[in-house]
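Q: Turn this into a structure:
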Amino acid sequence: MALPAEHGGWSFWLEPILLGLLLAPTIAGLWLALASFGVFLSRQPFKIAWADRQRGRRFQRTRLAERFLVIYGAVTLLALAAAVTAAQTVDMLLPLLAVAPLVIVQLYFDLRHESRHWLPETLGPVILAATAASIALAGGWSLVPALALSGIMVSRAVPTVFYVRARLRLEKGQPVSSALSTLLHVLAVFAVLGLMLAQLAPALSVLAALILLARAVYGLSSFRRPAQPKHIGIQEIVFGLVTVTMAVIGFRLS
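A: Numbering: from 1, shown residues only. Here you go, the predicted structure:
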């Protein structure tokens, strides 16, 4: 009721936060991380409260969900205000404003009880990835390099969503095609490679994208080792942290 049911969402929230704070640590960035946390947590109680209201009934869980929603909303607004005060600028909010329409689309699917549709599952990580750019802007980065950080995170997250969806179906014995997952990972490699050629991403980020491609090809092949959903989730947390670590090291070295 108070915490997201999708465990993979925790990694997608944490990765851009770590990338931003490790490369551009500021007090304003910490406040932005807290604001992002409030938004991330708000989705679960919102879905519960809305579903109960649609049924025209109020339960104990409905009241609790509404309270959590108010608390998370207050934390988000206060954290945003504190971030703007600490940074003494609102420029860092530009990436967050840019993904606001995507939030509306995601809420639309939530209201229709279609949260497991591929589109909202893909939009969620994209929305969260904007936090990396905002934290970098709060740390004094210019707009284009800051957006490149979010680009790295999007290149990691979007293919991963399709890989995990396919992998879970495969482990259930359902027919799966690996073509889409592989294609998206290849496109991600070229996207990060383009950022590197533009001197907006380190070579280690390209290597990280290649590692993700290799794990997707292996994970959807007949040579894979069968795994439970929770083990797949743990593996993806590790791959996410590896991606962030390699990016941070690459930026530091360059």
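Q: And the next helix or strand past the helix or strand hosting residue 205?
A: Following DSSP states H and E, one finds residue 205 within helix 203-219. Under the assignment DSSP H and E, the closest C-terminal helix or strand after helix 203-219 is helix 229-253.
Q: and that following helix with helix 203-219, angle?
A: 160 degrees (axes from the mean of the first three to the mean of the last three Cα atoms, to 10 degrees).
Q: what number of residues lie near residue 143?
A: A count of nearby residues for residue 143, using other Cβ atoms under 10 Å, gives 14. Bear in mind the C-beta positions are built from the backbone N, C-alpha and C, glycine included.
Q: Let me know the pLDDT of it.
A: On pLDDT, residue 143 comes in at 96.
Q: What's the mean pLDDT across the helix holding residue 205?
A: On average, helix 203-219 scores 98.
Q: residues in contact with residue 152?
A: Taking Cβ atoms under 8 Å, 6 or more residues apart in numbering as the definition of contact, the neighbours of residue 152 are 19, 132, 192, 195, 201, 205, 243, 247.
Q: cutoff 6 Å now
A: 201, 205, 247 (Cβ atoms under 6 Å, 6 or more residues apart in numbering).
Q: Figure out the helix or strand that residue 12 lives in.
A: helix 8-23.
Q: Please disregard the earlier target; I meant residue 113.
A: Here residue 113 is assigned to no helix or strand, by DSSP H and E.
Q: measure it to residue 51 for me?
A: 7 Å (Cβ to Cβ, to the nearest Å).
Q: Next: residue 213.
A: 38 Å.
Q: Among the two, which residue is more densely surrounded?
A: residue 213 (20 against 16).
Q: Wait, that one touches residue 185, no?
A: Yes. Counting by Cβ atoms under 6 Å, residue 213 does reach residue 185; the two are 4.1 Å apart.
Q: quick one: which of the contacts of residue 152 has the most company?
A: Neighbour counts for the contacts of residue 152, by other Cβ under 10 Å, peak at residue 205, which reaches 29 neighbours.
Q: OK, contacts around that one?
A: 152, 192, 247, 250.
Q: which regions of this structure lie under the pLDDT threshold?
A: For the chain, the stretches with pLDDT under 70 are 1-2, 5-7.
Q: As a check, name the ranges of all helices in it.
A: Taking DSSP state H, the helices of the chain run over residues 8-23, 27-54, 60-87, 94-98, 100-111, 118-138, 143-171, 179-197, 203-219, 229-253.
Q: What residues of the fourth one count as buried?
A: When burial is assessed from 16 or more other Cβ atoms under 10 Å, helix 94-98 yields the following buried residues: 95-96.
Q: What is the burial count for the nearest residue to residue 180 once chain neighbours are set aside?
A: Spatial nearest neighbour of residue 180, chain neighbours left out: residue 162 (5.8 Å); criterion: Cβ to Cβ, 6 or more residues apart in numbering. By the criterion of other Cβ under 10 Å, residue 162 has 20 neighbours.
Q: Okay, residue 162 and residue 28: tell me how far apart.
A: Distance, residue 162 to residue 28, using Cβ to Cβ: 34 Å.
Q: go on, residue 75?
A: Taking Cβ to Cβ, one finds residue 75 at 16 Å from residue 28.
Q: Please apply the same query to residue 191.
A: Taken as Cβ to Cβ, the span from residue 191 to residue 28 is 28 Å.
Q: Of the two, which one has the most company?
A: Using other Cβ under 10 Å, the more surrounded residue of residue 191 and residue 28 is residue 28, with 23 against 19.
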